[in-house]
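# I need the structure of the sequence given here:
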Amino acid sequence: MSRYVKDLIQKEFEKRIADENISDFIVVDTTGMDAVNDNSMRSSLRQKDIRLLVVKNSLFKRALSSCRMDVAASLFEGSCSVVYGAESIVDAATELAAWAKKTGSLEVKGAYLDGSVLDKEQAQELVKMPTRQQMIGRLVGCLQSPGSRISAILESPAREIAGCIESVEKRCREQQGKTADR
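Sure, this is the predicted structure:
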């Protein structure tokens, strides 16, 4: 490959990193995956706004270096593809784990997250983390919990008073019914 073509490919990688705002990604090896599974996986990932990009290691390392992400260069040994996108890296990791179980030929090599490199085991632990939506749900639940407790505490005396009034009213009706029968 000529130097000119290599520079073009490197510039394309740099452009993708900048334009698509790639700040977190997972590095995988798809060696051994047949074409049918590869196409199915790519289509499924694309529907979930997750991208898989096969890279030439040396050129992608240079692109990472020029984008000040050169710490991640250590992940690129052997056959590599970069997976990025979705709402969070956890969503992408979850999808990759499902495809790894399904095909048996997808290997996670590591990940780059918040300026840090995660090894293979740490990258696979991302699957166990809650997604962004789950975290928002938990946060909302935590924020609502004190308010609902205070509301219940404030409503409790009113409920008791209403119950007492209702029982007094019921007794009065019963007594009026008895006096009307006489």
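# hey, let's count contacts and neighbours off CA atoms from now on
Noted.
# Export only the CA atoms of the biggest strand by length in the chain, formatted as CSV.
When the chain is parsed with DSSP state E, its longest strand is strand 107-113. Extracted as CSV, the C-alpha positions of strand 107-113 are listed here (Å, rounded to 0.1, in the frame of the first residue of the first chain):
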residue,chain,number,x,y,z
GLU,A,107,-13.4,-12.3,21.2
VAL,A,108,-13.3,-9.1,23.2
LYS,A,109,-9.7,-7.9,23.5
GLY,A,110,-10.2,-4.8,25.6
ALA,A,111,-11.8,-1.4,25.8
TYR,A,112,-11.0,2.3,26.0
LEU,A,113,-13.3,4.1,28.5
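# can you give me the mean pLDDT across the helix or strand just after that strand?
Using DSSP states H and E, the helix or strand that follows strand 107-113 in sequence is strand 116-118. For strand 116-118, mean pLDDT rounds to 87.
# And the top helix by length along the chain, how far out from the chain middle?
Secondary structure assigned by DSSP state H gives helix 132-181 as the longest helix of the chain. Computed by C-alpha atoms, centre = their mean, to the nearest Å, the chain-centroid distance of helix 132-181 equals 39 Å.
# Is there a neighbour count for Thr131? I'd like the number.
Residues near Thr131, counting by other C-alpha atoms under 10 Å, number 18.
# what sits against it?
Ser88, Val90, Asp91 (C-alpha atoms under 8 Å, 6 or more residues apart in numbering).
# repeat that with 6 Å
By C-alpha atoms under 6 Å, 6 or more residues apart in numbering, the contact set of Thr131 is Val90.
# start the count at 44, not 1, going forward
All right, first residue 44 from here; so that's Thr174.
# Pull up the gap between it and Gln167, please.
Counting by C-alpha to C-alpha, to the nearest Å, the gap from Thr174 to Gln167 is 14 Å.
# Could you tell me how far stretch 160-175 lies from the centre of the chain?
10 Å.
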